[in-house]
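> Next one to model:
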Amino acid sequence: MAKAPTVEDVAARAGVSRQTVSNVLNTPDIVRPATRERVLTAIDALGYRRHAAARRLRLRRSSTIGIRLHSYLGGVSGVVLDRFVHAITERASDRGMRMLVYAARTPEEELARLGELWDGSEIDAAILTATERDDPRVRGLDELGLPFISFGRPWGEDDIADPRHLWVDVDGAAGTRAATEYALTRGRRVAFLGWPPGSGTGDDRERGWREAMSAVGAPGARLVAEEGVPFARASVEALLAADDAPDALVCASDSLAVGALLAVTAAGLPLPVIGFDNTPTAEALGFSSVEQRPEDVASAILELLLGPTGEIVTPRSLESGSAHALIAPELVIR
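Residues are numbered from 1 along each chain as shown. Model prediction:
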């Protein structure tokens, strides 16, 4: 394999010092135009790894995508987003792009931060995560004119067909449908433990359970709990106290599954519990779970956002159905 060109190689070809090459890449305004152009020509000719930097200078683009760093959640939750941020950073680098991570506590604060970065030409686009129904950030970014794509549907009018907004999501309904079909091999009474209605993601996962149950005409209780092990345990304990034990439990998250598992174990019932997210906790405790594969989501996001040419895509130029991608999850059985 040929040796990759270095800064020293660029400097030698351009007839300048290594520091001058560094200045062109990082602080081009302090370099004389003729010298700067000579260095950029050398970078292009050698195919230097930071050729993207030269392209940024010529096109006046940052080649940078902004993404919010969510607060540390601890416990079972948060693993999927952590994996996603790592994956998107690695894959963006492979495509000559950089990720700029910023912090924000509220949607309003996030919009303000993105507005500052966009106005300062520090980012070319943004990735939204943790979307919710009628997400206010969507309207805000439309008004800013900042190109963006979301991990998760905006859960508004353009969820499926309208290409106004780019998004990639995990097919939650397909995941819980597969989990329920597997649970039905253990008995017809399969309960679903999910979040309160109104969550786009939660409602989608509930839909998969309902479709699988309806297909075979099977009964099953729908339990409600806020995200968290104690809430899930209390909800399942209430069901078991009513002497209405199901044959299996399908849960909207691994956190809920841990609470359910604690309740059925305390009751001495050998009920299978299936979670969603396939976190290290699911592997450690040995319960089945639906794997979201955030690495696949990261790849699909960059394919949609950058397109075949590596340029930021204008959603309005896309045809219906080409602006979105649903990633099929995988049921991991233990």
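> What segments of the stretch 201-334 of the chain are helices?
Under the criterion DSSP state H, counting those that start in this stretch, the stretch 201-334 of the chain carries helices at the ranges 229-241, 254-266, 280-285, 294-306.
> CSV for the ones you listed, including mean pLDDT and mean neighbour count?
(Each C-beta comes from the backbone N, C-alpha and C, glycine too.) Below are these laid out as CSV (pLDDT from 0 to 100; neighbours: other CB atoms under 10 Å):
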stretch, mean pLDDT, mean neighbour count
helix 229-241, 96, 18
helix 254-266, 97, 24
helix 280-285, 94, 16
helix 294-306, 93, 20
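> Compare these and give me the one nearest residue 43.
Evaluated over the helices of the stretch 201-334 of the chain, closeness to residue 43 peaks at helix 294-306, with 21.2 Å, by CB to CB.
> can you list the residues that contact that closest one?
For helix 294-306, contacts defined as CB atoms under 8 Å, 6 or more residues apart in numbering pick out 65, 80-81, 83-84, 87-88, 90-92, 95, 97, 125, 127, 147, 149, 151, 166, 168-170, 312-313, 323-325, 327.
> mind listing which of the residues you listed are in strands?
65, 125, 127, 149, 151, 166, 168-170, 324-325, 327 (DSSP state E).
> can you name the two of these that are farthest apart?
Those two in the ones in strands among the contacts of helix 294-306 that are separated most widely, counting by CB to CB, are 125 and 170, at 21.2 Å.
> of those two, who's got more company?
Ranked by neighbour count (other CB atoms under 10 Å), residue 125 and residue 170 place residue 170 first, with 26 against 21.
> The more buried one pairs with what?
Residues in a beta bridge with residue 170, per DSSP bridges, are residue 327.
> That one contacts residue 291, doesn't it?
No - in this structure residue 170 lies outside contact range of residue 291 using CB atoms under 8 Å: 9.4 Å.
> any shared contact partners between these two?
residue 329.
> ok so, going back, filter the contacts of helix 294-306 down to the buried ones.
Listed as buried from the contacts of helix 294-306 are 65, 80-81, 83-84, 87-88, 91-92, 97, 125, 127, 147, 149, 151, 166, 168-170, 312-313, 323-325, 327; burial here means 16 or more other CB atoms under 10 Å.
> Contacts only, for residue 244.
With contact taken as CB under 8 Å, 6+ apart, residue 244 is in contact with residue 221.
> So for it, what's the pLDDT?
Note on residue 244: pLDDT of 83.
> If you drop the residues flanking it in sequence, what lies closest to residue 204?
Spatially, and ignoring its direct neighbours in sequence, residue 204 is nearest to residue 172 (4.2 Å; CB to CB, 6 or more residues apart in numbering).
> now residue 192
Closest to residue 192 by CB to CB, 6+ apart is residue 209, at 4.3 Å.
> got it, and residue 174?
Nearest non-adjacent residue to residue 174, counting by CB to CB, 6+ apart: residue 328, 5.8 Å away.
> shouldn't the one you found be in contact with residue 171?
Yes - Residue 328 is in contact with residue 171 according to CB under 8 Å; the separation is 5.6 Å.
> neighbour count winner among these two?
residue 171 (18 against 11).
> Show the model's pLDDT score for the residue nearest to the more buried one when sequence neighbours are not counted.
Excluding the flanking residues, the one nearest residue 171 by CB to CB, 6+ apart is residue 326, at 4.5 Å. At residue 326, the predicted lDDT confidence score is 91.
> contacting residues for residue 326?
Applying CB under 8 Å, 6+ apart, we find residue 326 in contact with 168-171, 174.
> could you list every residue that touches the spatially most central residue of the chain?
Most central in the chain under CA atoms, centre = their mean is residue 151, positioned 4.2 Å from the mean C-alpha point. Going by CB under 8 Å, 6+ apart, residue 151 touches 84, 127-129, 131, 167-169, 297, 301.
> ok, of those residues, which one's closest to residue 221?
Lowest distance from residue 221 to the contacts of residue 151 (CB to CB) belongs to residue 169, with 27.3 Å.
> Going by distance to residue 270, which of the contacts of residue 326 wins?
Using CB to CB, residue 174 comes nearest to residue 270 of the contacts of residue 326, at 27.6 Å.
> in a helix, that's where that closest one is, yeah?
Yes - with DSSP: H, G, I helix; E, B strand; the rest coil as the criterion, residue 174 is part of a helix.
> any idea how far it lies from residue 218?
Note on residue 174: its distance to residue 218, by CB to CB, to the nearest Å, is 19 Å.
> so where's this structure shaky on pLDDT?
Filtered on pLDDT under 70, the chain yields the residue ranges 1-4, 26, 49-61, 71-78, 157-163, 309, 313-321.
> Domain boundaries for it, per the record?
The record's domain parsing of the chain by automatic domain parsing lists 1-43, 64-171+294-327, 172-291.
> how about those domains in JSON lines, adding distance to residue 334?
Converted to JSON lines, these look like this (distance: least, CB to CB, whole Å):
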{"stretch": "domain 1-43", "distance to residue 334": "41"}
{"stretch": "domain 64-171+294-327", "distance to residue 334": "16"}
{"stretch": "domain 172-291", "distance to residue 334": "5"}
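> Which of the ones you listed sits closest to residue 333?
Among these, domain 172-291 sits nearest to residue 333 (CB to CB), with 4.8 Å.
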